[in-house]
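Colleague: Can you look at this prediction? I've put the sequence above it.
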Amino acid sequence: MKKKILVTGGLGYIGSHTSVELINKGFEVVIVDNLSNSEKSALDGIEKISGVRPTFYEFDLLDADQLDQLFKTEKLDGIIHFAASKAVGESVDKPRLYYRNNLQTLLNLLDAMVAYGVDNIVFSSSCTVYGQPDVLPVTEETPVQAALSPYGNTKQICEEILRDTVAADPNVKAVALRYFNPVGAHASAEIGELPLGVPQNLMPFITQTGVGKREMLSVFGNDYDTKDGTCIRDYIHVVDLAQAHIVALDRMIEGKQKSEYEFFNVGTGTGSTVLEVIQSFEKTSGEKLNYKLIERRAGDIEKIYADTTFSNKELGWSSEKTLDDMTSSAWQWQLRLKEKEAQSV
Ligand code: NAD
Ligand code: WQD
């Protein structure tokens, strides 16, 4: 009997890639998404890649009644919870939207899990909980620092909600995966990141500049204490990240977890500067990128990258794809988007 997994936010960037990997590994996937930051076409993409069209529910996880109905209908074996608002800058302007959307959805999910005896949840956390670490690379023992944004605070609070819930309800088991910087797209270019409006993140801004949708990339600061003065991040291919979820979920369902609540750094262990990402993009796309060096972006940390020893050992998972795989797949996805836009005119 196939294990049935609810993927919340499953039509989003990471959720759609994870849904494909779940299907590839023999799981049955049920997706709930309110399409607030994605398009239903992602469901077509998942089907095109995997040959399976997941069951899809379109509603807001803030609606506890509809969520209750879903749990009544679907006999679930686990949950991967991606649904949230994720724009750091927007969270500063709209803190209550972020606290409501990112906290209440998790609380509604946990209520339904306890009510229906669904024991396993994998949660999307973020390296943003570490702030600017004093020591690099970051391990799971690195202290969580005071959040630098309401968004980052919602991730910290969600982790605490999970920790306290498993303490109160020992049947519930939870894993938080602290993502570093997910980038790239599935090799098929059938699914990828769909930033609405002007991209805040580096990779979509690079590919949109490469395809002429943006005039020029501004590199935020080249006076940092790094090899070329630009910030360092641990970029991880979204497919590697998706596969980490399957391993974490499987391990939980098989009862191999060491404690009811665990968290893992999910990165590559390698830091890359902004200029190194640009160089990789130019190499893999053959495009010369139009960019300029400007002042730092407020709130940016200088450098962060993961120590992946614990997740490699405990999850038996490690990233496989290179920075060139990331920039190349991001570019192919951007070209596919341009093709789709031309067809829709
Ligand atoms: P995304 O916006 O592409 O996907 C989130 C999905 O959730 C979207 O499809 C959106 O429509 C849906 N959603 C949001 N609120 C909902 C609600 N109330 N009810 C139902 N659906 C809802 O984002 P993503 O990049 O795929 O990120 C997924 C998760 O990973 C988020 O929790 C995010 O905070 C976390 N994360 C992302 C990154 C990153 O750089 N992308 C890094 C670290 C952590
Ligand atoms: C990466 C680097 C920028 C854009 C954010 C969130 C984090 C997580 C991942 C959700 C930085 C530089 C960027 C540009 C640039 N999201 N940059 N020009 O800031 O590391 O992390 O996304 O969980 O919570 O904070 O990612 O892609 O925005 O920036 O120079 O136009 O690229 O300064 O050094 P970041 P990013």
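Modeller: On my side now, so go ahead. Ligands and ions are numbered 1, 2, ... in the order given.
Colleague: OK, contacts around the residue in the chain positioned nearest to ligand 1?
Modeller: With C-beta to the nearest ligand atom as the measure, the residue in the chain that lies nearest ligand 1 is residue 12; the distance is 2.0 Å. Every C-beta, even on glycine, is put in place using the N, C-alpha and C of the backbone. Contact criterion C-beta atoms under 8 Å, 6 or more residues apart in numbering gives 33, 37, 38, 42, 82, 83 as the residues in contact with residue 12.
Colleague: and what of residue 221?
Modeller: With contact taken as C-beta under 8 Å, 6+ apart, residue 221 is in contact with 229, 230, 231, 293, 294, 295, 296, 297, 300.
Colleague: Kindly report the same for residue 10.
Modeller: Counting by C-beta under 8 Å, 6+ apart, residue 10 makes contact with 16, 18, 19, 29, 31, 32, 33, 54, 56, 80, 82.
Colleague: helix or strand right after the helix or strand where residue 29 lies?
Modeller: Using DSSP states H and E, residue 29 sits in strand 28-32. Proceeding N to C from strand 28-32, the next assigned helix or strand is helix 41-50, under DSSP H and E.
Colleague: got the buried residues for that following helix?
Modeller: Neighbour-count burial for helix 41-50, with 16 or more other C-beta atoms under 10 Å as criterion, is recorded at 42, 43, 45, 46, 49, 50.
Colleague: Pull the top helix by length along the chain out as PDB, backbone CA atoms only.
Modeller: The helix of greatest length in the chain, counted in residues with DSSP state H as the criterion, is given as helix 323-344. Taking only C-alpha atoms (Å, rounded to 0.1, in the frame of the first residue of the first chain), the coordinates of helix 323-344 have been written out as PDB:
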ATOM      1  CA  LEU A 323      26.800  25.400  -8.800                       C
ATOM      2  CA  ASP A 324      27.000  25.000 -12.600                       C
ATOM      3  CA  ASP A 325      24.100  22.600 -12.500                       C
ATOM      4  CA  MET A 326      22.200  25.200 -10.500                       C
ATOM      5  CA  THR A 327      22.800  28.100 -12.900                       C
ATOM      6  CA  SER A 328      22.400  26.000 -16.000                       C
ATOM      7  CA  SER A 329      19.000  24.600 -14.900                       C
ATOM      8  CA  ALA A 330      17.800  28.000 -13.700                       C
ATOM      9  CA  TRP A 331      18.700  29.400 -17.100                       C
ATOM     10  CA  GLN A 332      16.900  26.600 -19.000                       C
ATOM     11  CA  TRP A 333      13.800  27.200 -16.800                       C
ATOM     12  CA  GLN A 334      14.000  31.000 -17.600                       C
ATOM     13  CA  LEU A 335      14.100  30.200 -21.300                       C
ATOM     14  CA  ARG A 336      11.100  28.000 -21.000                       C
ATOM     15  CA  LEU A 337       9.200  30.800 -19.200                       C
ATOM     16  CA  LYS A 338      10.100  33.100 -22.100                       C
ATOM     17  CA  GLU A 339       8.800  30.500 -24.600                       C
ATOM     18  CA  LYS A 340       5.500  30.200 -22.600                       C
ATOM     19  CA  GLU A 341       5.100  33.900 -22.500                       C
ATOM     20  CA  ALA A 342       5.600  34.200 -26.200                       C
ATOM     21  CA  GLN A 343       3.100  31.500 -26.800                       C
ATOM     22  CA  SER A 344       0.500  33.100 -24.600                       C
END
